[in-house]
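Trainee: Return atomic coordinates for the entry below.
(one chain, ligands or ions: 1)
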Amino acid sequence: MINIAVTGAAGRMGGRIITAIHEAEGLELAGAVEREGHGLIGQDAGSVAGCGANGIKISASLEEALKDADVLIDFTFPEVTLANIAVCAELGKSIVIGSTGFTPEQRAEVEKLAKQIPVVLAPNMSVGVNLCFKILKDVAATLGNDFDMEIVELHHNKKKDSPSGTAVRMGEIVADAVGRDYNQVANYHRQGMCGERSKAEIGMQTVRGGDIVGEHTVYFIGMGERIEISHRAMSRDMFARGAVRAAGWLGKQGAGLYDMQDVLGLK
Ligand code: NAD
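Mentor: The predicted structure is shown next:
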């Protein structure tokens, strides 16, 4: 049995993750955490998630929630995740990180702490998106510099970070496949007389609205033809199931930084 604690327990993803743990074999919820002062502290985590009371009360103390846990699943925000991974490193617990929007400095901090404990860090835990990552690498490498690459992503109007962590990862993969540095070639903004598109740039556009769970399209645009590789998420459940699968997988790994490609055996 692998015991799991969940941070952001009352959040959009937290509830789906608690439900996915409830439905998984060999995994059990051992703790649930919300931010200090949250109105649902002290409530039953299963009832809040809608999968039935399980006797685990939502707590404001990560240390208390980790007491009986082997792995933490954290879908919160980068600042919160950095504080949480430090606690996991101190207590020798593994962590699955779903939070997105890390700066390069924050990511370096995660990499440093992953030398002490097993960590899965993935901006998108869906099997379909991770398969797209693999396909995108092959397509970009095959088309080389003859096709312009542009990325468009759509999300709900409550999303705080832009572009999505998934879109940035897609940009990094296709840039890397043709020998470019994504951070040097990403173009987030075109307005007015900004001139012709440069050969190397990768356009990155975001759309925000309503309740869109998450959609990503990478365009490979050539002379007279175009390839579009799209992924559309219809519900948050596949992210939750991916995170729970990663927690089960991580239980058997040594210290190090892993991603969903490792978890799914796609490397
Ligand atoms: P949300 O705002 O609904 O949930 C976040 C929760 O974290 C909130 O309930 C908030 O109260 C809680 N929180 C804040 N500070 C905390 C603390 N110190 N301790 C414990 N809990 C704390 O957001 P969401 O839609 O669930 O998304 C959360 C994160 O997951 C975002 O970064 C989002 O981009 C990311 N996400 C990742 C994937 C993936 O597959 N990796 C999928 C969807 C969302």
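Trainee: State the distance from the nearest residue to Arg16 once chain neighbours are set aside to Ser198.
Mentor: The spatial neighbour of Arg16 that comes closest, neighbours along the chain excluded (C-beta to C-beta, 6 or more residues apart in numbering), is Ala240 at 3.8 Å. Bear in mind the C-beta positions are built from the backbone N, C-alpha and C, glycine included. Using C-beta to C-beta, to the nearest Å, Ala240 is found at 40 Å from Ser198.
Trainee: okay, those two: which has more neighbours?
Mentor: Ala240 (27 against 9; other C-beta atoms under 10 Å).
Trainee: and Gln106, how many neighbours does it have?
Mentor: 15.
Trainee: Ok, Gly39 next?
Mentor: Around Gly39 there are 9 residues (other C-beta under 10 Å).
Trainee: Just the strands from the stretch 1-150 of the chain, written as ranges.
Mentor: For the stretch 1-150 of the chain, applying DSSP state E, counting those that start in this stretch gives strands covering 2-7, 27-33, 58-59, 71-74, 94-97, 118-121, 148-155.
Trainee: Please list the residues of the stretch 51-200 of the chain that sit near the ligand.
Mentor: Residues of the stretch 51-200 of the chain lying close to the ligand by C-beta under 6 Å from any ligand atom are 75-77, 80, 98-101, 122-125.
Trainee: And the pLDDT at Ala20?
Mentor: Ala20 is assigned 97 on the pLDDT scale.
Trainee: what does Gly171 give?
Mentor: On the pLDDT scale, Gly171 gets 98.
Trainee: For it, which non-adjacent residue is closest in space?
Mentor: Tyr182 (4.8 Å).
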